[in-house]
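S.K.: make a model of this:
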Amino acid sequence: MQRRQFLTSAAAATALHAHPGFAQARPPAGPVKILVGFSAGGGTDILARIIANRLNQLWAIPVIVENRPGAAGLIAAAEAARAAPDGQTLMMGHINALGIAPALNPRLGFSPERDFSAIALVGQTPQVLVASPKASATMQGLLAALKQKPGEVSFGSSGTGSAQHLALALFEQTAAVSALHIPYKGASNVMTDLLGGQIDYAFEGMTTAAPFIKGGKVHAVAQTGVKRAKAFAEIPTVAEQGYTGFNASIWFGLVGPARMPADLVARINADVNRILAMPDVVAKLEEFGAEDGGGTPQRFDAFMRDERAKWARLIQARGIRVEG
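M.R.: The predicted structure is shown next:
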C-alpha cells in the first residue's frame, strides 16, 4: 500500500471534518447495508466486510454486507441504483459493473454515469493467473497446453463479461491462443472448482487468490498489473513473460445511489479514508495486494470515467461481445 496516498487521504479527511458543512453532517440512519455483487468469500466481499466492520464501529449502528451474486455484479448494481439516496444502501462497486459492463451491454437497466454517487476508491489489485494443482504452474507449460489442445484448456471466471473473463480474452488475443471459458456466479465458486481440479486455470483477483497462493493450494503463474504487487514480489507479471503492455487489474470502491446529499457523501468519504489509514487495515490490504485507495469522491468519479473509456476502447478493438 502506498503510505503517501494514505497520508494524503488522512489529510483530506481532516480537511473535510474542518469544513462547516461536514461538521453538521451525520452518518446515515441505521441500519446500513453494503451490497456486493458476488458470492461471500470473494475479493469484493472481503473488502466490503473490512469497511463495513469499521463503519459499524465508527457510527455505532448496524452496517451489514448483503450479497447479490449474479450477472457479473449487475444485479447488485441495479438494486443500488434504485435505492433511496439516504446512505442506507451503499455498494462496494467493482470494475465489472461500473467499468466494463457499459461497453459490453448497452441495456444495463442503469447508467454508471448518472445513477451513482462516487464515494471513495478502496483499492486496486492485479489479477493473478492461477493454476489448479493438476495443471502446469509455468507460463511455458500453459502455452504449450493451449497450443496442443486449442479450446480445451479450461479457465473459470466470475461471469461472462467479468474482469476475469476479459483478462482471459485479452490473454487469448495477445498470446494468439484459444481457451475454454467457464463462467461462474462468483470468485469463491471459481476457486472451489480450481482447487478440485474441475477447471485448469483462472485469472482471479489477488484479494481472492492470496490465501490459496500462500497456503500452497494453487500455483501462481503470473500477475496482471503493470508492475509486481509488493506483497507478491516473487510472482512475475504477464508483461515480464513476453507480453509487453499487458495490464488487467481489478478495482473496488464505495458508491451510493445518485443524488445523495453532498455533505453525507463527504462524511462517508472521510470515514472511509480514516479506515484506510488504520495500520491494521493497511496491513490487511497489503496482504491482498490492494494499492492506491483513498482520496476524494471527485478522484474516484474521474477514475471510473477513465476506466470506462479504456475498457470501451479495448472491447471495441478486440471485437468482444456478450449476449444478453
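S.K.: my read is that residue 294 contacts residue 271, right?
M.R.: No. Using CB atoms under 8 Å, residue 294 is not in contact with residue 271; the gap is 11.8 Å. All C-beta spots, glycine's among them, are computed from the backbone N, C-alpha and C.
S.K.: look at those two and report which has more neighbours.
M.R.: residue 294 (27 against 21; other CB atoms under 10 Å).
S.K.: how about residue 241: what's its closest non-neighbour residue?
M.R.: Nearest non-adjacent residue to residue 241, counting by CB to CB, 6 or more residues apart in numbering: residue 139, 4.7 Å away.
S.K.: do residue 278 as well
M.R.: In space, and not counting its chain neighbours, residue 278 is closest to residue 54: 7.1 Å by CB to CB, 6+ apart.
S.K.: which strand or helix spans that neighbour?
M.R.: Per DSSP states H and E: residue 54 is located in helix 43-59.
S.K.: for that helix, buried residues please.
M.R.: Buried residues in helix 43-59, counted by 16 or more other CB atoms under 10 Å: 43-52, 54-56, 59.
S.K.: and the pLDDT at residue 207?
M.R.: For residue 207, the pLDDT comes out at 79.
S.K.: wouldn't it be in contact with residue 43 here?
M.R.: Yes. At 3.2 Å, residue 207 and residue 43 qualify as touching, with contact defined as CB under 8 Å.
S.K.: can you pull the phi/psi pair for residue 110?
M.R.: Per-residue torsions, residue 110: phi -160, psi 160 (degrees, to the nearest 10).
S.K.: give me the distance between it and residue 86.
M.R.: 18 Å (CB to CB, to the nearest Å).
S.K.: neighbour count winner among the two?
M.R.: residue 110 (21 against 14).
S.K.: what's the nearest residue to that one if we skip its chain neighbours?
M.R.: residue 81 (3.9 Å).
S.K.: was I right about the one you found contacting residue 116?
M.R.: Yes. Shown here, residue 81 and residue 116 form a contact pair, counting by CB under 8 Å, at 6.5 Å.
S.K.: show me what contacts residue 53?
M.R.: Residue 53 sits next to residue 63 when contact means CB atoms under 8 Å, 6 or more residues apart in numbering.
S.K.: go on, residue 299?
M.R.: residue 121.
S.K.: that older thread, what about the residue nearest to residue 241, how many neighbours?
M.R.: 18.
S.K.: so how far is residue 68 from it?
M.R.: 36 Å.
S.K.: next structured bit after the helix holding residue 54?
M.R.: Downstream of helix 43-59, the next assigned helix or strand under DSSP H and E is strand 63-67.
S.K.: give the buried residues for that next one.
M.R.: Buried-residue list, strand 63-67, by 16+ other CB under 10 Å: 63, 65, 67.
S.K.: mean confidence score for the one helix or strand residue 90 maps to?
M.R.: If you go by DSSP H and E, residue 90 is part of strand 89-94. In this model, strand 89-94 carries a mean pLDDT of 97.
S.K.: which residue packs closest to residue 109, ignoring adjacent ones?
M.R.: Here the residue nearest residue 109, using CB to CB, 6+ apart, is residue 78, at 5.1 Å.
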